[in-house]
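> Sequence and predicted structure, then a few things I'm wondering about:
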Amino acid sequence: MDISVYEVMKSSGMTAGNTCCCDLYGNPGDYSGIIFEKGFFFLLVINGTARLSDIYGNYDLRCGKLVVLTPSTTSSIGRFDADFSLKIVYIVPSYFDSLTDGQPLYNQVARFLGNYRLPVFDIESERFSYLKQTMSLFGDRLNAMNVYHDGIIRNLCNFFLLQIADTLCTENNDTTVYVKRENEIFRNFKKLLVENYRKHHSIGFYADSLNITTTYLSRVVKSVTGSTVCFHISKMLCSDARRMLECTDMDIKEISDALGFSDQSVFGKFFMRKTGVSPLKFRMKNDLQRREK
């Protein structure tokens, strides 16, 4: 059984303002994995090995790996070995958006998000040690600073984000250091998509919300990711549909309604087109595999 990272942070994390930090050691309890979703999470692997997974792939984690997770991704960490340890810093998404130095970091990870790969990096040893020190500054000790509490946290977050962005500049040799307008537009598109993909399936809604034309939005998303706006909308819908079919007892009509399809038949054709099987066959196959384990 998996557990949300929010439950882990609630029991062992240290909160300061709109941030929370947590140290994870070994197999953390009576569950097989930890789910990360709907937040900005920065993970630094200190020791041991584990497996990071999302619906599109798996990533082996070991000492020296840095992972940057954004609200548009859902993933889980499992298969911990006994020596596994991890530092986690969480920043509330709305607070991240208010930080002046969030965009340079997002610029460095946009190419991963656009291609549905999780941003996982190998960090050079000196940078790893320094980043570990910075992550240790988050936590309850910040709450003892009463007079300039908010300013200290804001400046620490900005420093932390720029430190990571600077580190990733050495990794992403083909990514520009300056923030391009198209990356900012893509980021705002992804935020809108996460909030609205169940209700709005057409490019027109997203272009109107961003005050740009559908042609310009299409060009930007294609330039940043190599894929169309419709591809991104469909990916979100298909991922959510698979999750509901695998993890809930909702019937197919309820799933169709929840995802904003006009009727069950339209949803069925969409799912068949994207996965090659009907929703019913997908659920039956998943149930069979679960029983055989």
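Ah, there it is. Numbering: from 1, shown residues only.

> could you pull out the helices for the stretch 1-150 of the chain?
Residue ranges of the helices in the stretch 1-150 of the chain, as given by DSSP state H, counting those that start in this stretch, are 5-12, 93-98, 102-114, 125-135, 149-171.

> quick one, phi/psi of the residue of the chain positioned farthest from its centre?
The C-alpha centroid of the chain is most remote from Val147, which lies 33.6 Å away (C-alpha atoms, centre = their mean). Geometry field for Val147 lists phi and psi as phi -70, psi -50, criterion degrees, to the nearest 10.

> what residue ranges in the stretch 1-150 of the chain score low on pLDDT?
For the stretch 1-150 of the chain, applying pLDDT under 70 flags the ranges 1, 27-31, 114.

> ok, now which ones touch the residue lying closest to Asp122 once chain neighbours are set aside?
In space, and not counting its chain neighbours, Asp122 is closest to Gly64: 5.8 Å by C-beta to C-beta, 6 or more residues apart in numbering. (Glycine included, C-beta is placed from N, CA and C.) With C-beta atoms under 8 Å, 6 or more residues apart in numbering as the criterion, the residues that contact Gly64 are 45, 122-123, 125, 128.

> what's the closest non-adjacent residue to Ser76?
Setting aside the residues directly before and after it, Ser76 is nearest to Gly33 in space (C-beta to C-beta, 6+ apart), at 4.4 Å.

> Among the contacts of Gly64, find me the one that's closest to Val68.
Of all the contacts of Gly64, the one with the least separation from Val68 (C-beta to C-beta) is Ile123, at 11.5 Å.

> does that closest one really touch Thr167, like I thought?
Yes: at 6.3 Å, Ile123 counts as touching Thr167 under the criterion of C-beta atoms under 8 Å.

> can you list residues touching both of these two?
Joint contacts of Ile123 and Thr167 (C-beta under 8 Å, 6+ apart) are 66, 131.
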